[in-house]
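Q: Fold the following, please.
(chains A and B)
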Amino acid sequence: ETGVTQSPTHLIKTRGQQVTLRCSSQSGHNTVSWYQQALGQGPQFIFQYYREEENGRGNFPPRFSGLQFPNYSSELNVNALELDDSALYLCASSLAAGTNYGYTFGSGTRLTVV
Amino acid sequence: DQQVKQNSPSLSVQEGRISILNCDYTNSMFDYFLWYKKYPAEGPTFLISISSIKDKNEDGRFTVFLNKSAKHLSLHIVPSQPGDSAVYFCAAGVGYEGSNYKLTFGKGTLLTVNP
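A: Residues are numbered from 1 along each chain as shown, chains lettered A, B, ... in the order given. Coordinates of the predicted model:
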């Protein structure tokens, strides 16, 4: 049974650029959630995807968007990067829609915006 | 407004002793609480949870206590082992057994267990 895989592990971007982060969910999991963890903070919920539809969103601007594919993998896209977007981005998959029960987290993508 | 607070950024204990990590919350709608452990360069891993209908849940060396009137929960690790050294996050959700999609996390407490 494979866990949650995120790519890339590290990324450096320039302010104003766009970035795409990728996540492969754990085998058998159909729901993917994305969290942002800034330095010294706990993870903050960005949004969740189930059956290729956004299933809930946290307090993040529209320049944060996502996709889920038929194989349940997911992408997080951030446009017009700002310095404050520098953070660890965590993907979590789970078995049931609309839940956080049984979350499995990936190791994250460390994004640095300069 | 921080709805889940872990007021101790760090805690250091001796191997074999008890570790007690604390968490306070302000949102009375929260009814499901979890603890996650995070090692460097890894994602958080689920440790133990408790719903608001209980005041205690045990799993081996780990016990979580919930005091709803005080909006306080704690994680007890007995006995503490060096491998327990990690950042511990308290998280809360609305909806029994995680039926809601969103978790709200505290800032974490770095636990160091000294041999």
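
Q: Where does the prediction get shaky in chain B?
A: By pLDDT under 70, the low-scoring segments of chain B are B:95-101.

Q: does A:Leu11 have beta-bridge partners, and which?
A: Applying DSSP bridges to A:Leu11 gives these bridge partners: A:Leu111.

Q: Would you check how far apart it and A:Ser65 are?
A: 17 Å (C-beta to C-beta, to the nearest Å). C-betas here are computed from N, CA, C, even on glycine.

Q: Neighbours of residue 113, how many?
A: If you meant another chain, say so; for now it's chain A. Per other C-beta atoms under 10 Å in any protein chain shown, the neighbour tally for A:Val113 reads 19.

Q: that's the wrong chain, I meant chain B
A: B:Val113 has 21 nearby residues by other C-beta under 10 Å.

Q: In its sheet, which strands sit next to the one helix or strand it maps to, and in what direction?
A: B:Val113 belongs to strand B:109-114 when assigned by DSSP states H and E. Strand B:109-114 sits in its sheet next to strand B:10-14 (parallel), strand B:86-93 (antiparallel), going by DSSP bridges.

Q: Relative to A:Gln48, tell me which of those wins on proximity.
A: Between A:Gln48 and the strands paired with strand B:109-114, the tightest spacing by C-beta to C-beta is seen for strand B:86-93, at 12.2 Å.
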